[in-house]
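Chemist: Provided below for reference: sequence and predicted model.
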Amino acid sequence: MYGCTVETSIRVSHYMPDVVVSSFNDQYIHPWRDVGGAVSKIGEKVGTAEISQPLDASGNTGEANQSTAEPTTNKSADAIGNPVVLANNVSTNLVVPGVSELMSFPSTLPQIMAEWAQAPASLISNVPDAVAGWMRNPSSLMSTVSGAGNLVGGMMPDIGSMGPTASSTGNQSNFQGQIEQFRTMLEGATSAAGSSGGGGSNEFLCPSSADAFGVYFQSDADSYFWRSIIPLELLYVGSWLPGYKEVSKSGGLTTWGSIYPRSGELVQQHPVKASAVFAKRVSTIILNPAQPHIYTRLKGKSPNSYIWFAQVADPKFSMVYPTASGCTTFGDNDSVSLTSYGDGRTTATNGHVWNLWTRYECCKRKTEIYLFAVP
């Protein structure tokens, strides 16, 4: 009557392969043939309706005189929830790209202008008048965003079919074996951590915030922005300042490519490095709020049965296709190496698939009252 008891659980931190990010030339040669190909088919239909003409396939282009022009790579891309998160997930929803984050984009203009205030003053002279007009007149920016949002909103019946299509196509595929293999791996890690068996593997694992087969981004459905038809990406300093926000481990010395503008066009001769840059661009879209794209944000679900210290944090990538690899951070400086990153990992169709891993830290809730964590 006058005492109390304290229930404890283990605080754990680990990564989960939340999202599969693919880059490809067109729907017919999508590297994730069944799920990604089916979703891309719908995206192509939506994109065609957006720009009122058939979408051209992506690929590599370059002027005949290579001494005066670098080859430009153009790619489509998508981000789809990894089915292996079913091994330890709380719920699954049919996620599809939407316009809600786009409609919030004008609210980020003060942050964008603060970046411009730190940039060289001469840089603003390079910005086209139309883009500068958005900076000077936020109401004009809001009108542009609202117009695009309304147009895409009219296509939501088609976009909305991406989720059921991905889920049904994925469930028809042989993913159960991979899910069970992943679950076995997680249970093995649990045993190695010294689980007493009271809480099972869930005691030592945080559920992913991703939804299996959820479509978080599909570049053809985002044609207005991925193809720079409405160039909102040009509002960012990173789209104009070389060496700023590059995919690089060595600062401005070497780079695989710029994160901005986050479009489907990139100057990069190596197809694997190009794919890595596109994967990075897609990740910065889906992991952040209020970006100028058609997408759904990957964010923490915060189920009440857990206490959370980190969710969807510290992203890393690993290659899935054509060659499986461990997690890595893009941007190696291999300019003086005999081999380049990605050598031996090219494909005939220049299609590549990556896992986007993010970090979770949590403990299982044992009672309604949370006291503290040690450490």
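Modeler: Good, I have the coordinates. Numbers count the residues shown, from 1 in each chain.
Chemist: can you pull the contacts of Gly257?
Modeler: 246-247, 266-268, 273-274, 277 (C-beta atoms under 8 Å, 6 or more residues apart in numbering). Where you see a C-beta, it was placed from the backbone N, CA and C, and this is true even at glycine.
Chemist: Which of the residues you listed sits closest to Cys363?
Modeler: Using C-beta to C-beta, Val247 is the member of the contacts of Gly257 that lies nearest Cys363, at 34.6 Å.
Chemist: so what's the residue lying closest to the closest one once chain neighbours are set aside scoring on pLDDT?
Modeler: Once flanking residues are discounted, Val247 sits nearest to Trp256: 4.4 Å by C-beta to C-beta, 6 or more residues apart in numbering. Trp256 is assigned 94 on the pLDDT scale.
Chemist: need the contact list for Trp256.
Modeler: For Trp256, the contact set (C-beta under 8 Å, 6+ apart) comprises 246-248, 268, 270, 273-274, 276-277, 330-331.
Chemist: On the three-state scheme, Trp32 is what?
Modeler: Classification of Trp32 by DSSP: H, G, I helix; E, B strand; the rest coil places it in coil.
Chemist: Please tell me I have it right and it contacts Ser22.
Modeler: Yes. Using C-beta atoms under 8 Å, Trp32 is in contact with Ser22, at 5.4 Å.
Chemist: out of the two, which sits in the busier spot?
Modeler: Using other C-beta atoms under 10 Å as the criterion, Trp32 and Ser22 rank with Ser22 on top: 29 against 23.
Chemist: Next up, the contacts around the more buried one.
Modeler: Contact partners of Ser22, counting by C-beta under 8 Å, 6+ apart, are 30-32, 36, 77-78, 80, 351-354.
Chemist: pLDDT at the closest residue to it other than its chain neighbours, what is it?
Modeler: In space, and not counting its chain neighbours, Ser22 is closest to Val353: 4.8 Å by C-beta to C-beta, 6+ apart. pLDDT recorded at Val353 is 97.
Chemist: Which secondary structure state is assigned to Val353?
Modeler: strand.
Chemist: That one: neighbouring residues, count only.
Modeler: The number of residues near Val353, taken as other C-beta under 10 Å, comes to 22.
Chemist: Against Phe213, how distant is it?
Modeler: Val353 sits 15 Å away from Phe213, going by C-beta to C-beta, to the nearest Å.
Chemist: quick one: the residue most central in space within the chain and Ile369, what's the gap?
Modeler: Closest residue to the average C-alpha location of the chain: Ser283 at 2.7 Å, with C-alpha atoms, centre = their mean. Using C-beta to C-beta, we find Ser283 at a distance of 37 Å from Ile369.
Chemist: same thing with Gly331?
Modeler: Distance of Gly331 to Ile369, computed by C-beta to C-beta: 45 Å.
Chemist: ok, these two, which is more surrounded?
Modeler: Between Gly331 and Ile369, counting by other C-beta under 10 Å, Gly331 is the more crowded of the two (20 against 9).
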